[in-house]
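# Generate coordinates for the sequence data below:
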Amino acid sequence: MTLPSRLHQLAPWLILLSLSACDASSGARSSTDQAELARLVKLDLPINTVRWEVFGTPEYSGGVPGPTDYVTLIAEIAPAIPVAPANTAETAWITPGSARPWLSPNVKTLFTQHSNSQPVISHLGNCAPLQAALRKSGEKVQGFLCSGKASSIVYLTLYSSSE
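Numbering: from 1, shown residues only. Below is the predicted model:
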């Protein structure tokens, strides 16, 4: 196995290690650190408060780790950001496990209903496509923004093994 192919296999783990908001001492996986989020990804959105998490799919739960197919960022930000209706057929892959325990109930329901599927973003309700950039590499990442009454949800795919 050549070094470049080995590095490609390790890329998801390296992303998770460098971007993770995990606090090993408390077991907490989500973060409210706006500065850390800004160091990770460039979002051109006004943010007063945020709770966010980066996670891999499939999630490692002990034993021998397998390949990571996706690295996803989910953030709940306040205040709510108005979303213009999107006349687009763009889709987004919603990874299994996206309904994080800390998300509000209506957002968890949305992610549970569409888990492991690729819905049309504009059909999700008050959602529009979103593009951001990773700070370290400048690489563009895709996802969507959904606006609620008090907060908005940012969903970005940071890494996909299919790309």
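# Do a quick rundown of the helices in the chain.
3-19, 34-40, 105-113 (DSSP state H).
# for the protein, where's the lowest mean pLDDT among helices and strands?
Least confident helix or strand of the chain, by mean pLDDT, DSSP states H and E, is helix 3-19 with a mean of 43.
# list the contacts for the residue nearest the centre of the chain?
Central residue of the chain (C-alpha atoms, centre = their mean): Leu73, 1.9 Å from the mean position. The neighbours of Leu73, taking C-beta atoms under 8 Å, 6 or more residues apart in numbering as the test, are 19, 40-41, 52-54, 143, 154-156, 158. For glycine as for every other residue, the C-beta is placed from the backbone atoms N, C-alpha and C.
# Apply 7 Å and report the result again.
By C-beta atoms under 7 Å, 6 or more residues apart in numbering, the residues touching Leu73 are 41, 52, 54, 156, 158.
# could those be laid out in JSON lines, adding distance to Asn126 and pLDDT?
Shown next, in JSON lines, are the contacts of Leu73 (distance: C-beta to C-beta, whole Å; pLDDT from 0 to 100):
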{"residue": "Val41", "distance to Asn126": "22", "pLDDT": "96"}
{"residue": "Trp52", "distance to Asn126": "19", "pLDDT": "97"}
{"residue": "Val54", "distance to Asn126": "24", "pLDDT": "93"}
{"residue": "Leu156", "distance to Asn126": "17", "pLDDT": "96"}
{"residue": "Leu158", "distance to Asn126": "23", "pLDDT": "93"}
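# Pull the most distant pair out of these.
Spatial extent of the contacts of Leu73 (C-beta to C-beta) is set by the pair Trp52 and Leu158 at 11.7 Å.
# Around Val141, how many other residues sit close by?
Other residues within reach of Val141, judged by other C-beta atoms under 10 Å, total 20.
# With Thr109 instead?
Thr109 has 12 neighbouring residues, counting by other C-beta under 10 Å.
# cool, Lys149 as well?
Lys149 has 7 neighbours, counted by other C-beta under 10 Å.
# Not counting sequence-adjacent ones, nearest residue to it?
Among residues not flanking Lys149 along the chain, Ala80 sits closest, at 6.3 Å (C-beta to C-beta, 6 or more residues apart in numbering).
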